[in-house]
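Peer 1: What follows is a protein structure lacking sequence information:
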């Protein structure tokens, strides 16, 4: 049975960049509806689903390490999310945002976003 607690979730990048995760929001899939209504449509609009899915973005926050450069200017690379039960989501993606914060007397963090390009491969725990 899958766990319902996020503790132990990790992200790895094929470039080797490491993130000490605090919080993560996995990508969410969406596809657009196409309005196929026509002049003979008299009661309500008719829609059909687009063929292409947009997996959106992965976002979250991590511990900020001023000595580590994030891959915000890199090309798309393989990003793998590993969940506590061992299941994984893998996809090609590139970092679109990195916002560090260094508050007084508190933990330094960085918010990040990664744009998913292509499909997400889900692999069950072995």
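Peer 2: Looks like it came in fine. The structure displayed is predicted, hence computed values, not measured ones.
Peer 1: give me the low-pLDDT residue ranges for this structure?
Peer 2: Scanning the chain for pLDDT under 70 picks out 1-3.
Peer 1: And the residue of it most remote from its centre, how far from residue 46?
Peer 2: Most distant from the centre of the chain: residue 40, at 41.8 Å, with distances by Cα atoms, centre = their mean. In this view, residue 40 and residue 46 are 10 Å apart by Cβ to Cβ, to the nearest Å. The C-beta positions use only the backbone N, C-alpha and C, and glycine is treated the same way.
Peer 1: what's the answer for residue 16, then?
Peer 2: In terms of Cβ to Cβ, residue 16 sits 50 Å off from residue 46.
Peer 1: quick one: which of the two has more around it?
Peer 2: It is residue 46, of residue 16 and residue 46, that has more neighbours when counted by other Cβ atoms under 10 Å, with 12 against 8.
Peer 1: wait, that one sits on residue 36?
Peer 2: Yes. Counting by Cβ atoms under 8 Å, residue 46 touches residue 36, with 5.2 Å between them.
Peer 1: OK, contacts around residue 51?
Peer 2: residue 31 (Cβ atoms under 8 Å, 6 or more residues apart in numbering).
Peer 1: Tell me how far it lies from residue 59.
Peer 2: Following Cβ to Cβ, the distance that separates residue 51 from residue 59 is 26 Å.
Peer 1: now swap in residue 87 and tell me
Peer 2: Residue 87 is 20 Å from residue 59, by Cβ to Cβ.
Peer 1: how many other residues sit next to residue 56?
Peer 2: Neighbour count of residue 56, defined by other Cβ under 10 Å: 16.
Peer 1: Give me the residues contacting whichever strand or helix holds residue 113.
Peer 2: Element membership of residue 113, judged by DSSP states H and E, is strand 109-123. The contact list for strand 109-123, computed with Cβ under 8 Å, 6+ apart, reads 19, 22, 27, 29, 53, 55-64, 70, 76, 79, 87-101.
Peer 1: partners of it, with directions?
Peer 2: The strands beside strand 109-123 in its sheet (DSSP bridges) come out as strand 57-63 (antiparallel), strand 88-101 (antiparallel).
Peer 1: Now do the buried residues in stretch 95-104.
Peer 2: If you call a residue buried by 16 or more other Cβ atoms under 10 Å, then stretch 95-104 has these buried ones: 95, 98.
Peer 1: All set now, cheers.
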